[in-house]
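1. just a sequence and a predicted model for now, questions to come.
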Amino acid sequence: MDLTQTEEDYLEAIYSIIKEKGYVRVKDIAEELGVRPPSVSEMLAKLRDKELVKYEKYSGTTLTKRGEKIGRSIKTRHNTLKRLLQIILVPEDIAEKNACDMEHHLDPKTIEQLTKFVQFVERAPPNPKWLEHFEIYCKTGDVPECDRKG
C-alpha cells in the first residue's frame, strides 16, 4: 500500500502515543504533529477509509492490525535513523528532525542495512577505538594513529 509521507507521519504518531499513553485522542495527535484538530479529523477519516485506523468522530482512535504494523515499522525506521545520526555525533535535536525527513525516502534494503549497522555498533565492546578516533577526527580534523598489530 502506497502511503503519503503525511499518512506515514500520522500512523507513526498514533502508534507512539498509544504505546506511551495506552490510548490516543485527536487532541493528542494534533499536539504531537503540530497541526489543528480539524486536520487530524480529516486525516483520520482518510486512514479509516484505508482500513488503517478505527475512528469515530468524538471518540478515541485505535490502529487496525495493519495500521499498527505500518506504524511500528515507521517508528523503527525513525529510531534506527536517529540512532545512526547520534552515533556519528549529530546533535539529538538535529538527528530527530533529519530522521523524520529521511525515514520516508530510503529504500527498505538501505534501512535494513542501516539497522544492522546500528545494532552492530550498539552490541560492540564499549568504547570501540574507531568511534573514539571518529570523535577526535570530528573535533580536530586529524586521524589518530592506529595500532594495527593483529
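-> Alright, I've got the coordinates.
2. which residue is nearest the centroid of this structure?
-> In the chain, the centroid-proximal residue (CA atoms, centre = their mean) is residue 78; its distance is 1.6 Å.
3. ok, now how distant is that residue from residue 48?
-> Distance, residue 78 to residue 48, by CB to CB, to the nearest Å: 23 Å. C-betas here are computed from N, CA, C, even on glycine.
4. helices or strands up against the strand or helix carrying residue 46?
-> Secondary structure assignment for residue 46, by DSSP states H and E: helix 37-49. Contacts defined by 3 or more CB pairs under 8 Å, 6 or more residues apart in numbering; DSSP states H and E place helix 37-49 against helix 5-21, helix 26-33, strand 53-55.
5. quick one: the ones you listed as TSV, columns for distance to residue 123 too.
-> Listed next are the helices and strands packed on helix 37-49 as TSV, based on distance: least, CB to CB, whole Å:
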stretch	distance to residue 123
helix 5-21	24
helix 26-33	31
strand 53-55	35
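6. Throw these into CSV and include mean pLDDT, thanks.
-> CSV is the format used below for the helices and strands packed on helix 37-49 (pLDDT from 0 to 100):
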stretch, mean pLDDT
helix 5-21, 96
helix 26-33, 96
strand 53-55, 95
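7. among those, which is nearest residue 83?
-> Closest to residue 83 of the helices and strands packed on helix 37-49 is helix 5-21 (CB to CB; 15.7 Å).
8. pull out the buried positions in that closest one.
-> In terms of neighbour count (16 or more other CB atoms under 10 Å), helix 5-21 has its buried residues at 7-18.
9. pLDDT score assigned to residue 60?
-> The model reports residue 60 with a pLDDT of 83.
10. count the residues that sit near the residue lying closest to it once chain neighbours are set aside.
-> Distances taken as CB to CB, 6 or more residues apart in numbering put residue 23 closest to residue 60, at 5.4 Å, once the chain neighbours are dropped. By other CB atoms under 10 Å, 11 other residues sit near residue 23.
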